[in-house]
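1. take this sequence and fold it.
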Amino acid sequence: MKPVVVFVLGGPGAGKGTQCARIVEKYGYTHLSAGDLLRDERKRPGSQYGELIENYIKEGEIVPVEITISLLKRAMDQTMAANSQKNKFLIDGFPRNEDNLQGWNKTMDGKADVSFVLFFDCDNEICIGRCLERGKSSGRSDDNRESLEKRIHTYLQSTRPIIDLYERMGKVRKVDASKSVDEVFEKVVQIFDKEG
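-> Numbers count the residues shown, from 1 in each chain. Next up is the predicted model:
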């Protein structure tokens, strides 16, 4: 069986991780966060990519696509090897730019099906506020105003055009992410109940 993928996109702090956790619980998807995979790989002893990833993350820049895709593919393969029924994946925070998208299409063409893009649309100031709040307890080196402003700039420059591209293909399901966690999830449920 081929993996079935939903790309989950939105600015930093739009609530992607929070909502993905709920989707996993209700619909049995496997949640893969590109950012978490990169952060874990960075900490993994003896990782050939660790230092490289660290530098990109610190600068708020996007890690080279080959690294991200190899980590995503490895995670999907491991999940499906452990349980062949687990072929539905939420990939959160990817593709983040044109290069990511081309890399995915080149590497994963015919190997995975993208159902749709779940887009959490949220005002930048709300996102920054949420991340600064999260930063008090998350221990994430990029939850500070300077990194966040770089990340939002990168998101608007690089990720927004990807969302627009999928929108033209009729593959975007947009949710107003400025609302409360429960209100946002209500909309998410409507989408997943309809899409299957």
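2. please compute how far the longest helix seen in the chain lies from its chain's middle.
-> The single longest helix within the chain, with elements called by DSSP state H, is helix 65-82. Distance, stretch centre to chain centre, for helix 65-82: 14 Å (Cα atoms, centre = their mean, to the nearest Å).
3. please save the CA atoms from that helix in PDB.
-> The C-alpha trace of helix 65-82 is given here as PDB (Å, rounded to 0.1, in the frame of the first residue of the first chain):
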ATOM      1  CA  VAL A  65      15.200  19.300   0.700                       C
ATOM      2  CA  GLU A  66      17.100  16.000   0.300                       C
ATOM      3  CA  ILE A  67      17.700  15.800   4.100                       C
ATOM      4  CA  THR A  68      14.000  16.600   4.900                       C
ATOM      5  CA  ILE A  69      12.600  14.100   2.400                       C
ATOM      6  CA  SER A  70      15.000  11.300   3.400                       C
ATOM      7  CA  LEU A  71      13.900  11.800   7.100                       C
ATOM      8  CA  LEU A  72      10.200  11.800   6.100                       C
ATOM      9  CA  LYS A  73      10.500   8.800   3.800                       C
ATOM     10  CA  ARG A  74      12.400   6.900   6.500                       C
ATOM     11  CA  ALA A  75       9.700   7.700   9.100                       C
ATOM     12  CA  MET A  76       6.900   6.600   6.700                       C
ATOM     13  CA  ASP A  77       8.700   3.400   5.800                       C
ATOM     14  CA  GLN A  78       9.300   2.500   9.500                       C
ATOM     15  CA  THR A  79       5.600   3.200  10.400                       C
ATOM     16  CA  MET A  80       4.300   1.100   7.500                       C
ATOM     17  CA  ALA A  81       6.800  -1.700   8.200                       C
ATOM     18  CA  ALA A  82       5.600  -1.900  11.800                       C
END
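4. packing partners for the following helix or strand past it?
-> Heading C-terminal from helix 65-82, the first helix or strand you meet, by DSSP states H and E, is strand 88-92. Contact here means 3 or more Cβ pairs under 8 Å, 6 or more residues apart in numbering; DSSP states H and E; on that basis strand 88-92 packs against strand 4-10, helix 16-27, strand 30-33, helix 34-43, helix 65-82. Quick note: C-beta positions are derived from backbone N, CA and C, even for glycine.
5. mind listing what's buried along the last one?
-> Which is helix 65-82. Within helix 65-82, the residues that count as buried by 16 or more other Cβ atoms under 10 Å are Val65, Ile67, Thr68, Ile69, Leu71, Leu72, Lys73, Ala75, Met76, Thr79, Met80.
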